[in-house]
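Trainee: just coords:
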């Protein structure tokens, strides 16, 4: 049976330090392997406090119990507390992930600022931070990253161009249904996109219980026998919602493998457009039909 592709996003210092070991324990017991997408630069998560003025974002924070998930220190990084570096600051954890047989991809340099400010980001600054991300990855793991996943599934033309020129084997910047070759704002890319096909836990908390989320995820995965991709977050499924990942993997009736082991050939070309995913309060990049 075709494996389900599992990616684990690591967006914060606490997620890498405290959440990833929990995820690794779950994967070891389930005999599953994943692609870990790790942010390498500063954890400026405290800047999210400024977004509480947005009612939709504030409701999401309450719905997902973000303070307990991410921790109070994380809530003030980049404002009242200095920003620790995530991947670049915890190299031993990254090497443990690699040594336990998992893939590691790059997930940006400054996750919070890229997520919140990317459309107005200075192109020179973005290019410099992208280079810092690649350099940090290489210095820790001994090679350039083979894949990239944009923070919050958000691309701009500048970031898209950097991804296309980075020598990557594939990227996972989108939500969609199946692998494809991208077209973004009229430019055809050569780096295949491996989209996420299933809803994430934070998109569903508040409208369904964790057990219902597992049931729903399993039902949806069964409808996707050829290609299915599930995203866990180290900050949640590695900590307070670890049982969700354990239950999902235990009940899944197919193997679990990293994205990089997918053999994608003769991919169709599809446009990347911005759109909404249920449960997420902002636009993300979505695979188009044509």
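Mentor: Perfect, thanks for sending it. All values reported here derive from a predicted model rather than from experimental measurement.

Trainee: Kindly provide the distance from residue 91 to residue 127.
Mentor: Here the criterion is C-beta to C-beta, to the nearest Å. By it, residue 91 lies 24 Å from residue 127. Glycine gets a C-beta too; all of them are placed from N, C-alpha and C.

Trainee: no, scratch that, I was asking about residue 220
Mentor: Using C-beta to C-beta, residue 220 is found at 38 Å from residue 127.

Trainee: Residue 201 too?
Mentor: The span separating residue 201 from residue 127 equals 33 Å under the rule C-beta to C-beta.

Trainee: Would you mind telling me which of these two has more residues around it?
Mentor: It is residue 201, of residue 201 and residue 127, that has more neighbours when counted by other C-beta atoms under 10 Å, with 24 against 16.

Trainee: shouldn't the more buried one be in contact with residue 235?
Mentor: No. In terms of C-beta atoms under 8 Å, residue 201 does not count as a neighbour of residue 235; the distance is 10.2 Å.

Trainee: Need the overlap of contacts for those two.
Mentor: Shared contacts of residue 201 and residue 235, defined by C-beta atoms under 8 Å, 6 or more residues apart in numbering, are absent.

Trainee: May I see the buried residues of the strand or helix carrying residue 25?
Mentor: Taking DSSP states H and E as the definition, residue 25 sits inside helix 20-30. Of the residues in helix 20-30, those buried by neighbour count under the rule 16 or more other C-beta atoms under 10 Å are 20, 22, 23, 24, 26, 27, 30.

Trainee: With stretch 205-218 instead?
Mentor: In stretch 205-218, the ones that count as buried by 16+ other C-beta under 10 Å are 205, 210, 213, 214, 217.

Trainee: nearest to residue 193, of the residues you listed?
Mentor: Closest approach to residue 193 among the buried residues of stretch 205-218 (C-beta to C-beta): residue 217, at 21.4 Å.
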